[in-house]
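# quick one, what's the 3D model for this:
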Amino acid sequence: MRIDVFFSDRVGIAQEVLAELARRRLNVTAVEVEPPHIYIEAPAVDAAGLSELRTQLLQVAGVRAIEPVGMLPGAQRRLYLDALLASQPDPVLAVDESGIVVVANSAAVAASGIGEGSLIGSSMQDLIGNPALLGELIDGGYHLPVCEIVMNGEPYMLETMPLHETGGRVAGAVMTLHAPSRMGERLSALHNYDAGGFDAILGSSPEIEQLKQRAARMAMVDAPLLITGETGTGKELLAHACHAGSGRSSEPFFALNCAALPENLAESELFGYSAGAFTGALRGGKPGLLELADGGTVFLDEIGEMSPYLQAKLLRFLNDGSFRRVGGDREVRMNVRIISATHRSLEDMVSSGHFRQDLLFRLNVLSLHVPPLRERPGDILPLAQFFLSRACAQASRPLMRLTQAACAAMLSNPWVGNVRQLQNVIFRAVTMTERTIINVDDLELAQVATPVQSGESTDVTSLDQAVADFEKSLLQRLYREFPSSRRLAKRLGTSHSAIANRLRRYGIS
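Okay, the predicted model is just below:
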């Protein structure tokens, strides 16, 4: 039986209590003193013996009560601690001030590749094979930034938390090892917590319904998928939906915009890098998206902007699932589905020599085309109403409504920027309009030049004037959706300096 002796603290009381048990020849297997309690485990004491023992112990000066308990507090804490460590999927090790393993959970035993008996008492130096890093950890009081180590041939990100004695001396540390796949799961959950499936793709037109049905079938096929469509049509949203509808839905999803990063950064983001790969690299290296997404999906947006070097490296990964980190010499093999997207014609880029034909064949196993908004006019007004409700909620405005003239103007607008442009137009109108009614002028839609009918008279006096007028009108209209010379130059496929000169010439700012 286990008992709790509640007492008034005084010198020698614990010794007198234990002496009474010894006088009665009761075997004591455990004692814990936490004033004002003495917890005793005496297996020979039964219910009848407890009553007699209570009478004797209450005669000891200062003893106030004796009650049975189910478990000693220390044993209870050890039990919960063991359960807590066992429940951690990441390897967790506790080491002393010299780096000797004192405690390890089951995940750490599995990651080390040796038995628990051999792991306890071993040195971290033997496990990670990096004496310099262990020396830095000990010399720095286990205060070091997160770094990458290799244990039993597998990479882990090492996180340390120093343990201090009451006087402040470092008594060791708790070391947690994060596998890239586990990190990928957490990062993906953080980045994509609100990403939906096919129900998140707004629209009920026949074109969209047909796209959803086709995409749902392709989502279940574990093969590369190429999504084409104009800018702003929602290609990444469709990629999210295909991942959510696939057998990989419970695994990570990561996206990389190939046009947003230069070649060297895009390579390190996608493939990761090894220790000392370049100046400014994290200590020990860093896993890339392909390692973080192991078992899941990586979405490569604007794949047409990928450099020839990265195209060759991606082709090799698509061939056999293996690659090397930047600056590394070790082959890494991952199971990742690639979904890519582009607004450009990859076939034309192949013809011009800007895209590899063999890579296109690998990427275009399955294909989906997202129709532009102007080709599905039945979705324009429902989408506008949805964006209007959301914009009113975001701006803390009462629910507003669109006039018939505004609806007609939206139906006749070409929507060069597609759904993204429609969303921006509605949000701007809600935030800038004081009234509760949105009219045509509030939408601030760019005027679209109507083609001149045969036989109509015009005020054009020369070809140069006609070209200049058209150029100015075009730039004024597109500048609303691409409000910088660099973005506009990219949209029109010309140089930044050429666009900047024309904007200055026509006074567009």
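# what helix or strand is residue 9 located in?
Secondary-structure assignment from DSSP states H and E places residue 9 in no helical or strand segment.
# where does the stretch 401-509 of the chain dip in pLDDT?
Low-confidence segments of the stretch 401-509 of the chain (pLDDT under 70): 446-464.
# does residue 28 belong to a helix, a strand or coil?
Judged by DSSP: H, G, I helix; E, B strand; the rest coil, the three-state class of residue 28 is coil.
# what residues does it make contact with?
Applying Cβ atoms under 8 Å, 6 or more residues apart in numbering, we find residue 28 in contact with 18, 21, 22, 40, 41, 42. (Glycine included, C-beta is placed from N, CA and C.)
# of the residues you listed, buried ones?
18, 21, 40, 41, 42 (16 or more other Cβ atoms under 10 Å).
# out of those residues, who's nearest residue 99?
Of all the buried ones among the contacts of residue 28, residue 99 sits closest to residue 41, with 35.0 Å by Cβ to Cβ.
# list the beta-bridge partners for that closest one.
In this entry, residue 41 is beta-bridged to residue 2, residue 30, by DSSP bridges.
# how much space between it and residue 406?
Distance, residue 41 to residue 406, using Cβ to Cβ, to the nearest Å: 81 Å.
# how about residue 370?
Counting by Cβ to Cβ - residue 370 and residue 406 are separated by 26 Å.
# picking that back up, biggest separation within the buried ones among the contacts of residue 28, which pair?
Greatest spatial distance among these (Cβ to Cβ): 18 and 41, at 12.1 Å.
# thinking again about what came up before, distance to residue 145 and pLDDT added to the buried ones among the contacts of residue 28, as JSON lines?
Formatted as JSON lines, those follow (distance: Cβ to Cβ, whole Å; pLDDT from 0 to 100):
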{"residue": "18", "distance to residue 145": "50", "pLDDT": "90"}
{"residue": "21", "distance to residue 145": "53", "pLDDT": "87"}
{"residue": "40", "distance to residue 145": "47", "pLDDT": "91"}
{"residue": "41", "distance to residue 145": "45", "pLDDT": "91"}
{"residue": "42", "distance to residue 145": "51", "pLDDT": "90"}
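# and which of these is nearest residue 156?
Nearest member of the buried ones among the contacts of residue 28 to residue 156, counting by Cβ to Cβ, is residue 41, at 40.2 Å.
# which ones are touching that closest one?
Per Cβ under 8 Å, 6+ apart, neighbours of residue 41: 1, 2, 28, 29, 30, 31, 72.
# select only the buried ones of these in PyMOL?
Here is the PyMOL selection string for the buried members of the contacts of residue 41, based on 16+ other Cβ under 10 Å:
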select buried, resi 1+2+31+72
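# residue 251: which of the contacts of residue 41 is nearest?
The closest of the contacts of residue 41 to residue 251 turns out to be residue 72 (Cβ to Cβ; 43.8 Å).
# so what's that closest one closest to, chain neighbours aside?
residue 39 (4.7 Å; Cβ to Cβ, 6 or more residues apart in numbering).
# show me what contacts that neighbour?
Contacts for residue 39 were tallied using Cβ under 8 Å, 6+ apart; they are 2, 3, 4, 5, 30, 31, 32, 33, 69, 72, 73, 74.
# common neighbours of residue 18 and residue 41, please.
Counting by Cβ under 8 Å, 6+ apart, the shared contacts of residue 18 and residue 41 are 28, 31.
# need the pLDDT of the nearest residue to residue 111 once chain neighbours are set aside.
Take residue 111 and drop its neighbours on the chain: the residue closest to it by Cβ to Cβ, 6+ apart is residue 91, 4.3 Å away. Listed pLDDT for residue 91 reads 91.
# where does the residue nearest to residue 72 land in three-state SS?
With three-state DSSP as the basis, residue 39 sits in strand.
# what's the answer for residue 227, then?
Assigned by three-state DSSP, the conformation of residue 227 is strand.
# quickly note the distance from it to residue 218.
Taking Cβ to Cβ as the measure, residue 227 and residue 218 are separated by 10 Å.
# tell me which of those two has more neighbours.
Neighbours per residue (other Cβ atoms under 10 Å) separate residue 227 from residue 218, with residue 227 holding more: 27 against 19.
# could you list the low-confidence segments of the chain?
Scanning the chain for pLDDT under 70 picks out 185-186, 188-195, 276-284, 446-464.
# so what's the residue nearest to residue 111 up against?
104, 105, 107, 108, 110, 111, 112, 151, 156, 176, 177.
# quick check: residue 53 vs residue 21, distance?
Distance, residue 53 to residue 21, using Cβ to Cβ: 8 Å.
# and for residue 126?
Going from residue 126 to residue 21 by Cβ to Cβ gives 46 Å.
# again with residue 4
Using Cβ to Cβ, residue 4 is found at 14 Å from residue 21.
# next: residue 311.
With distances taken as Cβ to Cβ, residue 311 is found 80 Å from residue 21.
# what of residue 488?
Here the criterion is Cβ to Cβ. By it, residue 488 lies 89 Å from residue 21.
# quick check: residue 486 touching residue 496?
Yes: contact between residue 486 and residue 496 holds when scored by Cβ atoms under 8 Å: they sit 5.1 Å apart.
# how far off centre is the biggest helix by length in the chain?
Longest helix in the chain by number of residues (criterion: DSSP state H): helix 463-479. Distance of helix 463-479 from the chain centroid (Cα atoms, centre = their mean, to the nearest Å) equals 44 Å.
# which elements pack onto it?
Using 3 or more Cβ pairs under 8 Å, 6 or more residues apart in numbering; DSSP states H and E, the elements in contact with helix 463-479 are helix 485-492, helix 496-506.
# in the stretch 251-400 of the chain, which spans are helices?
For the stretch 251-400 of the chain, the helices defined by DSSP state H, counting those that start in this stretch occupy 263-271, 289-292, 308-320, 346-351, 357-363, 380-394.
# deepest of the ones you listed, which one?
helix 289-292 (a mean of 24; mean count of other Cβ atoms under 10 Å).
# just checking, what packs against that helix?
If contacts are counted by 3+ Cβ pairs under 8 Å, 6+ apart, helix 289-292 sits against helix 180-191, strand 253-257, helix 263-271.
# parallel or antiparallel, list what pairs with the shortest one.
Partner strands for strand 253-257, per DSSP bridges, with pairing direction: strand 297-301 (parallel).
# relative to helix 308-320, how tilted is the partner strand?
150 degrees (axes from the mean of the first three to the mean of the last three Cα atoms, to 10 degrees).
# now strand 297-301, how far from the centre of its chain.
Worked out by Cα atoms, centre = their mean, strand 297-301 lies 13 Å from the chain centre.
# and for stretch 158-171?
Counting by Cα atoms, centre = their mean, stretch 158-171 comes out at 31 Å from the chain centroid.
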